[in-house]
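I would like to see how this sequence folds:
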Amino acid sequence: MKSYVSIREAVPQLTNAFKWFDSFIREMYFTSERCLSEIKTPAGGTTIGGAGHALNLRMVVAAAGNPSIFGIEFLCLSVEAFSLQRLVELSFDCTLERDSVRLDFCSAASDGGSCWVIAKEVQVVFLGKEYLGPLLRLGHEAPREDATNAAKIDECWRQCGNCSNAWIEKSEIEFARCPECGMLTRLVENLTRCGVVPLDSPGSIGSQGNP
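Numbers count the residues shown, from 1 in each chain. Down below sits the predicted model:
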């Protein structure tokens with residue numbers, strides 16, 4: 001997993017090391033574990049209810065003005081409010097409160113448009129040359145330490161450590177949901193770390209005719 005730092009540590013670099021006016025938002029995903037599901041009632045029946053966690057935001061800015069950093073990922077946890085009225089001609093400002101963080105990306109827009117996020121916590125990671133070019137996307141799944149390992153089988157195949165299902169996913173995407181069991185997985189290079197078998201091994205799903 002990439003090395004995230006608290007926004008409180010990153011503010012000096014974010015404020016001084018980039019040309020924000022020439023930068024732009026390249027990815028933005030709002031995600032939540034909250035879902036509708038069947039819940040058993042005390043009477044023995046079932047009802048539909050919601051359960052899960054708060055709304056999170058994963059946003060990546062293509063950064064200009066720095067010779068070694070080309071992307072900035074903001075992981076905003078437990079989003080409380082946001083505005084997306086203006087997404088061009090960026091600037092940067094950060095207000096740190098005891099229990100929340102406010103990020104402003106268009107605080108000085110002449111037309112009054114705004115782009116800001118208020119969250120309980122914000123973590124940041126800086127991306128190098130791997131974020132150059134049109135192909136790389138970090139994806140919408142927010143990183144989590146308790147994600148299940150998925151074994152990298154080749155450049156496009158990975159295998160879930162929970163159910164052993166294998167599926168095709170871009171190798172640049174570190175976190176992805178298993179389409180079989182729905183678990184959030186994190187790609188790892190070493191097959192033995194997942195406790196699963198390669199696709200061409202006897203008894204593996206690949207040896208049973210799975211593409």
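
Run the chain-centre distance for stretch 98-109.
Using Cα atoms, centre = their mean, to the nearest Å, the distance from the centre of stretch 98-109 to the centre of the chain it belongs to is 20 Å.

Show residues contacting that stretch.
With Cβ atoms under 8 Å, 6 or more residues apart in numbering as the test, stretch 98-109 has contacts from 7, 20, 25, 61, 74, 76, 80, 85-95, 113-122. (Each C-beta comes from the backbone N, C-alpha and C, glycine too.)

Kindly report the same for stretch 61-68.
Under the contact criterion Cβ under 8 Å, 6+ apart, stretch 61-68 has outside partners 17-20, 22-26, 69-72, 74, 90, 105, 128, 131.

From one end of stretch 62-80 to the other, what's the distance?
24 Å (Cα to Cα, to the nearest Å).

Pull out the buried positions in it.
If you call a residue buried by 16 or more other Cβ atoms under 10 Å, then stretch 62-80 has these buried ones: 62-63, 69-77, 79.

Now do the SS call for the residue positioned nearest the centre of the chain.
Nearest to the mean C-alpha position of the chain, counting by Cα atoms, centre = their mean, stands Ala142 at 3.2 Å. At Ala142, secondary structure determined by DSSP: H, G, I helix; E, B strand; the rest coil is coil.

Next: Val11.
Under three-state DSSP, Val11 falls in the helix class.

Surely it and Cys94 touch.
Yes - here Val11 lies in contact with Cys94, judged by Cβ atoms under 8 Å, at a distance of 5.2 Å.

And the helices in the chain?
Under the criterion DSSP state H, helices of the chain are mapped to 7-16.

Tell me where it is predicted with low confidence.
Low-confidence segments of the chain, defined by pLDDT under 70: 1-2, 33, 35, 50-53, 107-112, 135-136, 190-211.

Pop the domain breakdown of it in here.
Using automatic domain parsing, the domain parsing of the chain gives 1-143, 144-211.
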